[in-house]
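Chemist: Turn this into a structure:
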Amino acid sequence: MKSAAVLESEIGGSFGNRLTLLQFSSAFCTPCRATRGLLRDITKGLEDVKYIEIDAESNLELVRKLEINSTPTTLILNNQGVEVGRAVGAPTREQVLKAIT
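Modeler: I've put the predicted structure just below:
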């Protein structure tokens, strides 16, 4: 896991009060679409958890900094932007729920 914090300016939004799920996607990635739907569904009722999607192809500097090697990759960031977890590939609902509790 990376210890360097992500900056809000790098992700184009603010962090969640508890956690931020930061998904890296690419345009023709079918698992990315499924992951997007899952993460949006899980976070829509959570006031303290935020979901942000990043286009990996348009943000290569951030992709390199965070060592994103494939899409979808979802980072779990604390409220300071520090990575506290990572899911490579399409996570299951159970995996996401366990990670955010």
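
Chemist: From here on, just use CA atoms for contacts and neighbour counts.
Modeler: Will do.

Chemist: longest helix of the chain?
Modeler: helix 30-43 (DSSP state H).

Chemist: which of the residues in that one are buried?
Modeler: Within helix 30-43, the residues scored as buried using 16 or more other CA atoms under 10 Å are Cys32, Thr35, Arg36, Leu38, Leu39, Ile42, Thr43.

Chemist: now the helices: where do they sit in this structure?
Modeler: For the chain, applying DSSP H gives helices covering 8-11, 30-43, 60-65, 93-100.

Chemist: show me the contacts for the residue of the chain most remote from its centre.
Modeler: Most distant residue from the mean C-alpha position of the chain: Phe28, 17.8 Å away (CA atoms, centre = their mean). Counting by CA atoms under 8 Å, 6 or more residues apart in numbering, Phe28 touches no other residue.

Chemist: just for the chain, where's the confidence low?
Modeler: Applying pLDDT under 70 to the chain flags the ranges 1-4.

Chemist: switch to 90 and redo it
Modeler: For the chain, the stretches with pLDDT under 90 are 1-5, 101.

Chemist: Okay then, goodbye and thanks.
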